[in-house]
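Asker: this one's sequence-less:
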């Protein structure tokens with residue numbers, strides 16, 4: 001598992017470096033060479049580039065520009081999906097609605113825990129191998 005994680009981190013570092021170049025052809029060549037895209041891909045590489053920039057934590061300084069590009073090039077739905085309808089991030093906190101401080105949500109979660117007490121199921125509705133995936137068990141360390 002650690003090898004795959006370090007492989008992904010190395011890939012992600014290389015990908016972020018390519019994304020910083022903002023060259024759709026360079027991105028396409030990189031992803032094909034890495035085996036992530038087929039040679040004959042019909043993907044809108046420029047749109048993919050900006051969506052990848054928008055979702056990269058390492059490129060947070062370019063998120064606003066990516067959002068504007070998406071909004072002005074016919075990708076409003078993608079921009080909303082990535083960025084949501086964010087207004088002022090501190091606004092919820094000032095109204096007492098900070099995550100984890102919502103009494104209604106807390107009560108709902110407590111009821112769900114009571115309803116689902118007992119050992120976890122060996123299957124998960126979305127993933128039959130849920131219990132076998134070590135990433136799902138990291139909180140037990």
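Answerer: Looks like it came in fine. Please read all numbers here as calculations on a predicted model, not as lab measurements.
Asker: now do the same end-to-end measure for stretch 29-38.
Answerer: Using C-alpha to C-alpha, to the nearest Å, one end of stretch 29-38 lies 10 Å from the other.
Asker: in that stretch, what's buried?
Answerer: 30, 31, 37 (16 or more other C-beta atoms under 10 Å). Bear in mind the C-beta positions are built from the backbone N, C-alpha and C, glycine included.
Asker: how about residue 6, what does it touch?
Answerer: Taking C-beta atoms under 8 Å, 6 or more residues apart in numbering, we find residue 6 in contact with no residue.
Asker: again, but for residue 9
Answerer: No contacts exist for residue 9 under C-beta under 8 Å, 6+ apart.
Asker: in the protein, which spans are helices?
Answerer: Per DSSP state H, the chain has helices spanning 2-21, 24-33, 45-55, 63-72, 76-83, 91-94, 103-115. These are given in chain order.
Asker: how close does residue 30 sit to residue 53?
Answerer: 14 Å (C-beta to C-beta, to the nearest Å).
Asker: what's the answer for residue 44, then?
Answerer: 14 Å.
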